[in-house]
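# Fold the following and give me the result.
(chains A, B, C and D)
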2 protein chains.
Amino acid sequence: MKDFMTLKNQLCFAVYETAGEFNKLYSSVLQPFGLTYPQYLVLLALWEQDGVTLKELGAKLNLGTGTLTPMVSRMEASDWVKKQRSKEDERKVYIYLQEKAVKERNAITSKVVEAIQSCQIELKEYEQLMQQLNALQKKMRERQV
Amino acid sequence: MKDFMTLKNQLCFAVYETAGEFNKLYSSVLQPFGLTYPQYLVLLALWEQDGVTLKELGAKLNLGTGTLTPMVSRMEASDWVKKQRSKEDERKVYIYLQEKAVKERNAITSKVVEAIQSCQIELKEYEQLMQQLNALQKKMRERQV
DNA sequence: TATGATTAAATCGTACACGATTCAAATTAC
DNA sequence: GTAATTTGAATCGTGTACGATTTAATCATA
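Residues are numbered from 1 along each chain as shown, chains lettered A, B, ... in the order given. Predicted structure coming up:
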């Protein structure tokens, strides 16, 4: 019988390692643009919908203000985005893409797609993994304690 | 046609989020023991094989000294492990489990298994995901640039 | 309408994670 | 047998990531 408490038989570790691999792969692609992997995820979210509040951005990315506030500040310092406090509700801060982020969008996504394609992942494999990971996440979030 | 550059259609993001979910789930279980999730992974590795060098540990966990050295130091401070510089080769540092880690092993793993079981993941689903993630990692590591 | 509760960011403290550099010990090459 | 190289940890700087607290603005309500 297999030992389920072995490191290499742990699903958590497989996910942990895969996340690390993605991090490394994306980092190498994004470094020439002066972007980190999490910063790229922020851009992905903003390319979909620009001008969202920090809280909304956090909801999309599953990140709190403790992570996002300094990260967005760094991205503002490097001219990717701009923070704008709302006039109607001064508690809210809206994040807007800067020209640089709009102009570079194609160059960045092209390089990313190219890198992913170089991994030779089958479309079917890709979609199946997506579906299974989403199902797993759902179970983890809804687990009965 | 689906937009593959959407955040929620990104495999990288699904993996990133799932890793975050595991982190949160395991953290809640491990907190009463005064352990973090990465520290638990270190214990998993050492429970399998005790007395390995920092480098060997790093190879198992895919972590560099920049991460492991301070982490193991913290675990030494909290009496989980002990660092011992080799007499034969003074460059090497061996990591040994402390009594606390041996004694608490069952209590810790029981709680972890319990938490995972509460997620109601099918065995088949679990194994399929493991296999697919491992295949994906292999492709990412061996990609032709 | 004052006040108590809620909300959105910011801030703080701790802990990874990584690449690059440094340092000392061991190995090798000449 | 000394010099050059390699190796294993440690250190450094930057950047997430999270829970908890703080602060200021808004909302709810008596």
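# check which helix or strand covers residue A:83.
Element membership of residue A:83, judged by DSSP states H and E, is strand A:81-85.
# now what about that strand, what contacts it?
With contact meaning CB atoms under 8 Å, 6 or more residues apart in numbering or on different chains, strand A:81-85 is reached by A:42, A:46, A:54, A:72-73, A:75-76, A:92-98, A:101. (Each C-beta comes from the backbone N, C-alpha and C, glycine too.)
# Partner strands of that strand and their direction?
Paired strands of strand A:81-85, with direction, are strand A:93-97 (antiparallel) (DSSP bridges).
# circling back to that earlier point, residues of the strand holding residue A:83 that come out buried?
A:81, A:82 (16 or more other CB atoms under 10 Å in any protein chain shown).
# How about it and DNA strand C, any contact?
Yes - Strand A:81-85 comes into contact with DNA strand C (CB under 7 Å from any atom of the strand), by way of residue A:83.
# Keeping just the C-alphas, turn that strand into PDB.
The C-alpha coordinates for strand A:81-85 follow below in PDB (Å, rounded to 0.1, in the frame of the first residue of the first chain):
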ATOM      1  CA  VAL A  81      -0.900  52.000 -13.100                       C
ATOM      2  CA  LYS A  82      -2.300  55.100 -11.300                       C
ATOM      3  CA  LYS A  83      -4.100  55.300  -8.000                       C
ATOM      4  CA  GLN A  84      -7.000  57.800  -7.700                       C
ATOM      5  CA  ARG A  85      -8.900  58.300  -4.600                       C
END
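# Now do the contacts for residue A:43.
A:35, A:80, A:97, A:101, A:105, A:108.
# Now for the last one, which secondary structure element holds it?
Assigned by DSSP H and E, residue A:108 belongs to helix A:99-117.
# near chain B at all, that helix?
Yes - using CB under 8 Å from any CB of the partner chain, we find that helix A:99-117 touches chain B at A:109, A:113, A:115.
# Let me know the closest of those to DNA strand C.
Set against DNA strand C, the nearest of the residues of helix A:99-117 next to chain B by CB to the nearest atom of the strand is residue A:115 (14.4 Å).
# possible to save the contacts of residue A:43 as TSV with distance to residue B:141, pLDDT and neighbour count?
Output for the contacts of residue A:43, formatted as TSV (distance: CB to CB, whole Å; pLDDT from 0 to 100; neighbours: other CB atoms under 10 Å in any protein chain shown):
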residue	distance to residue B:141	pLDDT	neighbour count
A:35	23	97	22
A:80	30	98	25
A:97	34	98	18
A:101	31	97	21
A:105	29	96	16
A:108	23	97	20
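# restrict these to those near DNA strand D?
Near DNA strand D, taking CB under 7 Å from any atom of the strand as the test, no member of those is found.
# just to revisit the earlier point, ok, which pair from the contacts of strand A:81-85 is furthest apart?
By the measure CB to CB, A:92 and A:101 form the most distant pair in the contacts of strand A:81-85, at 20.7 Å.
# quick one: the most centrally placed residue in chain A from residue B:6, how far?
Computing the C-alpha centroid of chain A and ranking residues by CA atoms, centre = their mean puts residue A:41 first, at 3.1 Å. Residue A:41 is 12 Å from residue B:6, where distance means CB to CB, to the nearest Å.
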